[in-house]
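A.B. asks: from the sequence below, what's the structure:
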Amino acid sequence: MSEAGIGRVIVASLHQAIGDVLPSRLDFYENWLSAEGLRGGTIGQAQLSAVLSFLRREGDAYSIIMTQAGSYAADWTVDGLRRGARSSGGIAPAWLRRRRILRLGAQLVRDGWVRSRATVRRGRGAARLVITHSVFCDVREPSPTPLCEFYAAAVTRLFERFALPAHVEIESCRGTGGSECTLTIAVSAAAEEPAPSEVRLS
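C.D. replies: Residues are numbered from 1 along each chain as shown. Prediction:
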């Protein structure tokens with residue numbers, strides 16, 4: 001978490017995605033996502049809100065950038081794990097990988113903004129990641145479309161990185177008028193098998 005309350009991974013991933021999708025506009029967005037701010041961790045909510053406000057006016061590019069940025073954030077989060085945690089993740093039982101990924105996704109949300117909270121609700125057939133105070137969905141007027149695509153893409157990529165593809169849908173979004181953002185995550189039947197009682201998770 002940066003000193004300004006916005007996680008460095010969110011800022012860096014957005015900067016990279018904007019450069020990929022809208023390279024000719026990157027200089028404009030660097031008025032808020034400056035190199036100094038990236039290095040120093042001083043980019044706060046006001047700067048990020050300005051960036052997101054302008055991005056929502058970029059048409060279809062908004063969704064592409066959010067998806068790309070979410071994937072980057074997931075990759076960098078996994079790459080930042082200890083080597084043993086990364087290497088064992090792909091060979092652990094599916095149910096254990098599922099638990100680890102959901103915990104990692106919730107932590108990614110909490111690390112993104114000092115006000116964000118994330119709760120995992122597990123169930124047979126699907127799990128739910130409930131996000132309160134998503135920085136992407138903190139808008140004055142309701143949006144006609146969900147704004148939590150960053151987190152949906154990040155969770156999707158986390159499952160891919162641990163060799164457990166999942167179908168992630170945005171069930172509700174605070175940005176469209178909901179009270180919270182909820183991602184529904186459906187994984188393979190093998191991942192829904194109950195964990196052996198003798199296994200303890202750290």
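A.B. asks: and the helix or strand where residue 107 lies, how far out from the chain middle?
C.D. replies: Element membership for residue 107, per DSSP states H and E: helix 94-112. Average the C-alpha atoms of helix 94-112, do the same for its chain, and the two points are 10 Å apart (Cα atoms, centre = their mean, to the nearest Å).
A.B. asks: show me where this structure has strands.
C.D. replies: Assigned by DSSP state E, the chain shows strands spanning 117-121, 127-132, 167-172, 181-186.
A.B. asks: save these as CSV, and put in mean neighbour count too.
C.D. replies: Just so you know, the C-beta spots here come from the backbone N, C-alpha and C atoms, and that holds for glycine as well. Output for the strands of the chain, formatted as CSV (neighbours: other Cβ atoms under 10 Å):
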stretch, mean neighbour count
strand 117-121, 15
strand 127-132, 20
strand 167-172, 17
strand 181-186, 22
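A.B. asks: out of those, nearest to residue 52?
C.D. replies: Judged by Cβ to Cβ, the one of these that comes nearest to residue 52 is strand 181-186, at 14.4 Å.
A.B. asks: that closest one - contacts with which helices or strands?
C.D. replies: Applying 3 or more Cβ pairs under 8 Å, 6 or more residues apart in numbering; DSSP states H and E, one finds that strand 181-186 contacts strand 127-132, helix 149-161, strand 167-172.
A.B. asks: flag the shaky bits of this protein, pLDDT-wise.
C.D. replies: By pLDDT under 70, the weakly predicted segments of the chain are 1-4, 84-91, 188-202.
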